[in-house]
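> Just need the structure, nothing else, for what follows:
(3 chains)
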Amino acid sequence: MRGGISTFSIDVYVQEIEGVWYGVAIRQGEVYATTFSFEMEDAIQRIKRSLPKRLKPIVWRTTDLQAYTELFHALHRIFNGENPEFQFKLNMDHLTSYQKRVLLCLMEVPKGYVTTYGSLAKVAGGSARAVGNVMARNPFPLVVPCHRVVPHDLTVGNFGHGREVKRELLAREDEGFTRPAYKEIEGRKLALFPVKFIKGIKQPH
DNA sequence: AATAACCGGCGGG
DNA sequence: CCCGCCGGTTATT
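Model prediction:
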């Protein structure tokens, strides 16, 4: 192939659980992308968009409960506001160093809290705008919780799956926290706000 | 390789 | 509300 870098195939699996379609891209035991959608085709398209050009996706629809049951169910549990162990290795080799830095910081935001684009930028570098760019292209939605990033006025803000879905995800993640907190990352403070602080989040009663 | 256009934001008036 | 700026990424030349 003319001395160029060869292309590799990567397996893309989709599976439906309780009305939600989940998708994962896996190669040699490592996860390259995850997604969810309410339509199978959309889930496949979202996964494909996340993959680097040189990876040729091969799509499988899995109904059998074998290799990746645990992975799909972890995604489904996060979707439902739970906090499962996630022991699969994420492969971020195809991301820029800035994307990796932002996503790794974001993984420090625990369920029940949100942070802001600006605060994430202060910790990870770049600007709030740049953080927004990273969020918009997050290859691991749910696993890397980009739904936990909101504008600094604590409105819900935007979301690739629609802001109503973002609102619902956050409402289900409520842990009853009532005070802001922060997490120290490399000497800088990442702001954490209870999900209750977000404007328009339904209170459970 | 260089430049422009595009945003899931912010902050000041 | 408006506006200038933000800075990484992608599209265009």
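> going forward, measure contacts and count neighbours with C-alpha atoms only.
Will do.
> Could you list the domains of chain A?
With domains defined by automatic domain parsing, chain A comprises A:8-79, A:97-197.
> out of these, which comes closest to DNA strand C?
For DNA strand C, the closest of the domains of chain A is domain A:97-197, at 4.0 Å, according to CA to the nearest atom of the strand.
> Check whether the closest one comes near DNA strand B.
Yes: with CA under 7 Å from any atom of the strand as the criterion, DNA strand B is reached by domain A:97-197 at A:116-119, A:128-130, A:132-133, A:135-138, A:146-147, A:149-153, A:157-160.
> can you list the residues of chain A near DNA strand C?
So chain A meets DNA strand C at A:95-99, A:125-130, A:133-134, A:137 (CA under 7 Å from any atom of the strand).
> Using TSV, lay out those residues together with neighbour count, pLDDT and secondary structure.
Output for those, formatted as TSV (neighbours: other CA atoms under 10 Å; pLDDT from 0 to 100; DSSP: H, G, I helix; E, B strand; the rest coil):
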residue	neighbour count	pLDDT	secondary structure
A:95	17	96	coil
A:96	10	96	coil
A:97	11	96	helix
A:98	15	97	helix
A:99	19	97	helix
A:125	15	95	coil
A:126	14	95	coil
A:127	15	96	coil
A:128	18	97	helix
A:129	12	96	helix
A:130	17	97	helix
A:133	12	96	helix
A:134	19	97	helix
A:137	15	96	coil
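> Checking residue A:78 next. Helix, strand or coil?
Going by DSSP: H, G, I helix; E, B strand; the rest coil, the secondary structure assigned to residue A:78 is helix.
> Tell me if I'm right that it and residue A:84 touch.
Yes: counting by CA atoms under 8 Å, residue A:78 touches residue A:84, with 6.9 Å between them.
> Comparing the two, which residue is more hemmed in?
Relative neighbour count places residue A:78 above the other of residue A:78 and residue A:84, with 20 against 12, counting by other CA atoms under 10 Å.
> which strands and helices sit next to the strand ranked longest in chain A?
Criterion DSSP state E: the longest strand present in chain A is strand A:8-17. Applying 3 or more CA pairs under 8 Å, 6 or more residues apart in numbering; DSSP states H and E, we find strand A:8-17 packed against strand A:20-27, helix A:40-50, strand A:55-61.
> List just the one of the ones you listed that sits closest to residue A:7.
Among the helices and strands packed on strand A:8-17, the nearest to residue A:7 by CA to CA is strand A:55-61 (5.8 Å).
> returning to that earlier point: lowest average pLDDT across the domains of chain A?
Ranked on mean pLDDT, the bottom entry among those is domain A:8-79, at a mean of 91.
> Would you pull up how far that domain lies from the middle of the chain?
The chain centroid and the centroid of domain A:8-79 are separated by 13 Å under CA atoms, centre = their mean, to the nearest Å.
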